[in-house]
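Asker: Requesting a structural model of the entry that follows:
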Amino acid sequence: MKIKCSLILLLTLSLKSFAQDHKTITATYRQQYMADFLSDAHSPLKKDDLQFLRFYDDDSTYSVTATVKMLGNESPFVMPVFSGTGRDYERYAQLSFTLKGKPMQLTLYKSLALAQNPLYADYLFLPFTDDTNGQTTYGGGRYIDMRTGDIKDGKLVIDFNKAYNPYCAFSAGYSCPKPPDENRLATAIEAGEKLFGKAH
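Answerer: Now for the predicted structure:
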């Protein structure tokens, strides 16, 4: 009985420690996310606009480990955008995971244009939509950035706390990819960035 109680206590402390560490990681990520708006010459936001960025509270239960199924011999396709001309992508991998007790699946994509740039050759793109869109989050869906090196031993951590809005959520005139229908999650992902708090 003593051993069992000790194990339970150890597990509880470990979970609390993980949650605290994750909160720090998320806070650091969001600080950098906001800083990037000020360093990007094409940014839709200025310094005074950053106060209107909204986020869900950090929730480590929205950080899940997915099983990765690499996709080979995929034909390139044009991913539609909200305005302008679509962009060429290829389906890179299928991600299977469990969130809140429900099995789910998303497709990870690779931009053919970015693949030609040495700085972004390993860039992977995870766009998705969910039941929060048009309610508490941007109606057009959200994105998560990945790198090929994030895939380790056939596994990949998807942290929905890092889900962010496309530039189209802040201003018109940007060419933002629309998440494909296969990346529609039939649940509310209450993590990551919320609706922008300022009209545009």
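
Asker: how about the helix or strand where residue 124 lies: buried residues?
Answerer: Under the assignment given by DSSP states H and E, the secondary-structure element containing residue 124 is strand 123-128. Of the residues in strand 123-128, 123-128 count as buried by neighbour count, 16 or more other CB atoms under 10 Å. Heads up, the C-betas are built off the backbone N, CA and C, glycines and all.

Asker: From the chain's centroid, how far away is it?
Answerer: The offset between the C-alpha centroid of strand 123-128 and the centroid of the whole chain comes to 7 Å, using CA atoms, centre = their mean, to the nearest Å.

Asker: Buried residues of stretch 100-115, list them for me.
Answerer: The neighbour-count criterion (16+ other CB under 10 Å) identifies 104, 106-111, 114 as the buried residues of stretch 100-115.

Asker: Report the mean confidence score over it.
Answerer: Within the predicted structure, the mean pLDDT of stretch 100-115 is 95.

Asker: what do you get for stretch 64-81?
Answerer: Here stretch 64-81 scores 94 as its mean pLDDT.

Asker: now swap in stretch 169-180 and tell me
Answerer: Throughout stretch 169-180, pLDDT has a mean value of 91.

Asker: So what's the gap between that stretch and the chain middle?
Answerer: Its chain's average C-alpha position is 15 Å from that of stretch 169-180, according to CA atoms, centre = their mean.

Asker: The residue lying closest to residue 155 once chain neighbours are set aside: what secondary structure?
Answerer: Taking CB to CB, 6 or more residues apart in numbering as the measure, residue 155 lies nearest to residue 65, with 5.5 Å between them; neighbours along the chain are not counted. Residue 65 carries the three-state label strand when classified by DSSP: H, G, I helix; E, B strand; the rest coil.
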